[in-house]
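build me a model from this:
(2 chains)
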Amino acid sequence: MRGRAASVLAPLLVLAIHAVVLREVPVDLRPETRTARSAPAEAELRAWAIAKRAAIRDRKWPEAKELALRLLEFSPTDHTSLGDLAEIERELGNDAAESEAWERYLKVAPVPVHACPDFAFSYRRQGRMKEYLDACERCLSFNPKNSDNLFCVGHASERLGLIEKAREAYRRGLEVAPDYPDLALGLARIELRAGRLDEAARRANQALAIRPGDREALELLKKTGRAPASAEAGR
Amino acid sequence: MSAARALLERLSRLAIVVVSLATSLYAVLAHVPFTAVHFLEFRHFDLLTRFVELHPLLVALAWLPYVATAVPEIRAPERRARTLARLAATAGLSLALALATPLSAIAAGFPLGLAFLWLLPPTLVAVHDLRGPGRGGDPGNPEPPAGEPSSSIVATALATAVVAAAFYAGRAALADAPPDPWGFAATIAAHAIVILAPAFLAAALDGFGAALGLPARARLVFAGLPLVLVVERGVRLGGLASISFFGVPAATYATAFAIVLVLVLVGTAWRTAADPSPLRRLVAPIAPATLLGALVSLAAVGAVAHVAIGEIERIDWNDLGRRIVVALSWGLAFAILHRGVALASRREHTLLHLLALLPLGAHLALGAWMPDEAARTLARSAAADPSYSTASALLRPRSDSSAFYAFLKAHTNLPRTTAIRSPEVRLVAELATGRTTPAPHVFFVVVDSLRQDYIGAYEPRVDFTPAIDAFARDAVVFENAFTRYGATGLAEPSIWTGSMLPHLQYPRPFGPLNSLARLLEHERYHAYASLDTILAVILPPSLAVVDVDAARPEKDFDACGSFAGLEDALGASPAAPIFFYTQPQDLHVSVRHRQGDAPVDDRAYPGFDAAYASRVRRIDECFGRFVEGLRRRGILDESVIVLTSDHGDSLGEEGRWGHAYTLAPEVVRIPMIVRIPPRLRDAFAWDATELAFSTDLTPSLHRLLGHGPILPDRRFGRSLFRSREGGDRPRLRDAHLLASSYGAVWGILSGDGRELYVADAVAFEDSRHDLSSTFTGERRPVTEAEREVRQSRIRDEILAIERAYGIAAGAP
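The predicted model follows:
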């Protein structure tokens, strides 16, 4: 009789243990759900975001980077964290990583223009001039009348020897923002290179009028053999 | 009873149950709206067509051995009347059903009723068998049979788990995806837990029966009960759910199906086997009696499973076929092993039950400590191991979304009787009149199952589509294009309507929904098409269409043939404007399989599926000639040419093949290349990087022909070409509904096409895919907050579409 009872009870007991354990301790070995199981609660994510902001404010870049990466692990399309990560990488001197972060940012950000012109400059700092120009042009496509973007295109084109393209960008930039000295200086360099000394001097003087004493403008003027238009500007 | 007679009787029952249940399942296909249309009405499957044609003959042949075994009883005068009555109620009923309700007309009647009716004959056979004298016991002698120790059942289950896990892991290793030691441990543990569950139940019931002193017949029925539960779950969740047959009717049918199947097995075992142990007796009809026989049988089961899985994996309906093979192989292995284990273990070993807790412990430990890299390796291995993927799916925790999944099921594949009160799809307020310039010719080349990443214009590694790439250089390549529907059933109609559709195949008449057909009639196009079965339903009779593939069955529609057919139909000087639509089947998974899954040329396609890529190359050559033909006719620059697909296809990603009812990233992404006449290019602006849907093509054609703007309606696509004169609205919503054509699987595409969320009410799970990094995307965890938001969005979108079509709330 005892043997018969064991034949009924033992399998039922083990079956019940299986049912209870599998219900109470669910196991899923798939990689993505293993991450999900350890995924932080919403409140924890919020806490990380606040801590990241504080770290950036206090310029604690390594700490901020770790928090940004942790947030991105769970929300890879979080454009705020991507923008922060780009800024952090810049502060840490990781220009290539900054570019990479900006590229990811551009894919997911609702207003990608916010990456400009920093993301273009990250390529410039690496000496990747083609990418620099491409980035400037992408920025310009977001906001075609932005003088910073026009300067960016002009400067990158100038560095790549695309003189006419650079001239056009500087010129359009000055139409939008006549008091932007770097645009005037850019045009001055191009005119000087083309041998149009009067025009180069005029643009250098335009820059000096906006930013008196500018060393590059004075240097350009010197190369044209012309004097500053006013002593005040040339001080 | 002699062994030969026992064998004949077993085979006769097998024949009866196979034909009767197959007929019953056929009736279920006729009952479910989408299978009734796509599987039966469109006759896409040769096997089903042959089954219908030969059905009365098959039924007669199936019953012949059964009738033959009854001849001695007929000869005996005292049993003649009863035997003849039994044969009339079984074989006679089957033949009468087969002749009175031919399968070719089954959909017109009450197919679900017939599905149940066809379960009756095998039930009567089983009941008769069970009422008769058992081979091993006299019904007059109620002496309870000797039981067997329940530990032997447990030991058999453990042995089965190890054999199955090792066999299928070995198979995965052959496919270059072996599990590592962690993964192999997980595989054995998962198999053991899943196979042990019904074994424990069988052991407990057997012990219970023995404790009650039940006679042999009742003990045998007891032994079959766990099998009823297993078969019912498999049929309902694995089979019926995958064809959108849900609810009380499906549950009732699955239960009846399982009972009949097991009853026949129990009856056959009672009549033809003589083992004193009920479980051994139950498996006796399929278990060899000798060790050599057992080894040969095990090897045979493995070989058949290996070949069967290889044969069906590329055309499988999601995982259904593979899972059936896996379940059968588990059952057969258990049956074969049980005989040997039970004979070797005649004493009860209670400790063995505790040993059976080890797999559970291992399962928990692996969940806690398995390294992530090992989990990734296991995931790769699982893609090549249908047995582990089946076992792990059974163990996987389900999200608490049952109410939402029930909602999806209720709103998928709506009944054909659903009333659609507002069936008209009018993309523009009024079609314009008074055109001053000639309408462009329009050519829609919708290559069924064409993937974006097999075209050079999208994927730089592709070097086998030079003609399409050349065409693309002078066209707009929409980089971020998606279909709205997985699979052709609703994808093709939605291209014609330019809108999301009621999930119903199909509203009839379909004409009011067909805005492209209306546009063609308005513009007086001369229409040519490869008239496939769906077009035959959705085109209004008023639209005169020249069928360029009239001489060929749909499954033989190939791009080269259709282009040639068009060339012939056009002749030397066709009337203008021309409209052409073709949906070549070269790449369809069933066509590739029918052609042996082999490449159609000798080229190497490293990094690509050669069978698929070689067909893309063939399409490319013919497409190149087609475009060149338009150039020669001088109409290329007066033509709108669209090259796209109705959906993509899985080519082995995570073990998936084909498209079935899934919404996998590689299924929802499509190529979309549109060339418009140079004279229109100045009048329109476009952004090739923006999100584009298959439902945008017809709205775009409206705009290119000067109609519109497209009305704001969440069902409608939008024009991908915006008039420089203004009037076109940008796409405002950032979350777009996608749906499977055939299953209760719905999705939300968001983040400008960078994120795909899928709610799968067939597999009972949600998934999230990050599409920003790779073509096939990367799975991401689903948080509870996101689940709530996305499910709510899917629900709102489905209800909004139904409201827009005037489908009453709660209609389904």
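
can we go C-alpha only for contacts and neighbour counts from here?
Will do.

packing partners for the helix or strand encompassing B:S24?
Using DSSP states H and E, B:S24 sits within helix B:3-31. Where contact means 3 or more Cα pairs under 8 Å, 6 or more residues apart in numbering or on different chains; DSSP states H and E, helix B:3-31 is packed against helix B:46-69, helix B:111-117, helix B:120-131, helix B:247-272.

check which helices and strands the host helix or strand of B:A481 sits against.
Using DSSP H and E, B:A481 sits in strand B:480-482. Using 3+ Cα pairs under 8 Å, 6+ apart, the elements in contact with strand B:480-482 are strand B:691-693.

name every strand pairing with the strand it packs on and say which way it goes.
strand B:480-482 (parallel) (DSSP bridges).

so for stretch B:203-223, what gets flagged as buried?
For stretch B:203-223, burial by neighbour count (16 or more other Cα atoms under 10 Å in any protein chain shown) applies to B:203-211, B:213-217, B:219-223.

out of those, list just those in strands.
Members of the buried residues of stretch B:203-223 lying in strands (criterion: DSSP state E): none.

what's the burial count for the nearest residue to B:G486 once chain neighbours are set aside?
Take B:G486 and drop its neighbours on the chain: the residue closest to it by Cα to Cα, 6 or more residues apart in numbering or on different chains is B:S740, 4.5 Å away. Residues lying near B:S740 (other Cα atoms under 10 Å in any protein chain shown) number 27.

where does chain A have its least confident helix or strand?
helix A:31-37 (a mean of 66; mean pLDDT, DSSP states H and E).

in contact with residue 154, which residues?
No chain specified, so I'll use chain A. A:165-170, A:186 (Cα atoms under 8 Å, 6 or more residues apart in numbering or on different chains).

that was the other one, I meant chain B.
B:196, B:199-200, B:203, B:352-353, B:356.

looking at the residues you listed, which is nearest B:L11?
If you rank the contacts of B:V154 by distance to B:L11 using Cα to Cα, B:A199 comes first, at 26.3 Å.

quick one: name the residues of the stretch 1-150 of chain B near chain A.
B:149-150 (Cα under 8 Å from any Cα of the partner chain).

just confirm A:I56 is within a strand.
No. If the criterion is DSSP: H, G, I helix; E, B strand; the rest coil, then A:I56 is helix and not within a strand.

leaving out chain neighbours, which residue sits closest to it?
A:A64 (5.9 Å).

let's see the pLDDT reported for residue 233.
I'll assume chain A. With respect to pLDDT, A:A233 has a value of 51.

not what I meant, chain B
pLDDT, read off for B:R233, is 90.

quick one, what contacts it?
With Cα under 8 Å, 6+ apart, B:R233 has these contacts: B:A254.

got the phi/psi numbers for it?
Main-chain torsions, B:R233, degrees, to the nearest 10: phi -60, psi -40.

end to end, how far does stretch B:491-503 reach?
Start-to-end span of stretch B:491-503 (Cα to Cα, to the nearest Å) is 11 Å.

and it, what's buried?
Buried, per 16+ other Cα under 10 Å, within stretch B:491-503: B:491-503.

which of those residues fall in helices?
B:491-497 (DSSP state H).

let me have the residues you listed in CSV, extended by distance to chain A and pLDDT.
Shown next, in CSV, are these (distance: Cα to the nearest Cα, whole Å; pLDDT from 0 to 100):
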residue, distance to chain A, pLDDT
B:A491, 28, 97
B:E492, 31, 97
B:P493, 32, 97
B:S494, 29, 98
B:I495, 28, 98
B:W496, 32, 98
B:T497, 31, 97
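
and residue 152, what pLDDT?
The chain I'm using is chain A. Confidence score, pLDDT, at A:C152: 93.

hmm, no, I was thinking of chain B.
Per the predicted model, pLDDT is 82 at B:S152.

what does B:L711 give?
For B:L711, pLDDT reads 92.

three-state assignment of it?
coil.

burial count for it?
Neighbours of B:L711 (other Cα under 10 Å): 16.

touching chain A at all, the one helix or strand B:F404 maps to?
Using DSSP H and E, B:F404 sits within helix B:402-410. No. Using Cα under 8 Å from any Cα, helix B:402-410 stays clear of chain A, coming no nearer than 15.9 Å.

on contacts alone, who are the packing partners of that helix?
helix B:784-804.

mind listing what residue 99 touches?
By default, I'm working from chain A. Contacts of A:S99 by Cα under 8 Å, 6+ apart are A:86, A:119-120, A:122-123.

actually chain B
B:L99 neighbours (Cα under 8 Å, 6+ apart): B:P56.

so it versus B:A107, what's the distance?
Taking Cα to Cα, one finds B:L99 at 15 Å from B:A107.

likewise B:A186?
46 Å.

more neighbours: which of those two?
B:A186 (27 against 22).

which strands and helices lie in contact with the one helix or strand the more buried one maps to?
Per DSSP H and E, B:A186 falls inside helix B:181-212. Under the contact definition 3+ Cα pairs under 8 Å, 6+ apart, helix B:181-212 sits against helix A:2-24, helix B:150-174, helix B:216-233, helix B:357-369, helix B:372-383, helix B:386-395.

distance between it and the chain's centre?
30 Å (Cα atoms, centre = their mean, to the nearest Å).

which residues sit against the lowest-mean-pLDDT helix or strand in chain B?
Using mean pLDDT, DSSP H and E, the weakest-scoring helix or strand in chain B turns out to be helix B:350-355, at a mean of 77. Residues outside helix B:350-355 that contact it (Cα under 8 Å, 6+ apart): A:6-7, A:10-11, A:14, B:151, B:154-155.

who touches B:R281 in this structure?
B:R281 touches B:220, B:269-270, B:273-275, counting by Cα under 8 Å, 6+ apart.

what is the neighbour count of the spatially closest residue to B:G708 that is not a sequence neighbour?
Leaving aside its sequence neighbours, B:G708 sits nearest to B:V428 (Cα to Cα, 6+ apart; 5.0 Å). Neighbourhood size, B:V428 [other Cα under 10 Å]: 17.

does B:V428 touch B:D713 like I think?
No. With contact defined as Cα atoms under 8 Å, B:V428 does not reach B:D713; the gap is 10.4 Å.

quick one, grab the pLDDT at the closest residue to chain A within the stretch 551-700 of chain B.
Closest to chain A within the stretch 551-700 of chain B is B:T689: 11.0 Å, counting by Cα to the nearest Cα. Listed pLDDT for B:T689 reads 88.
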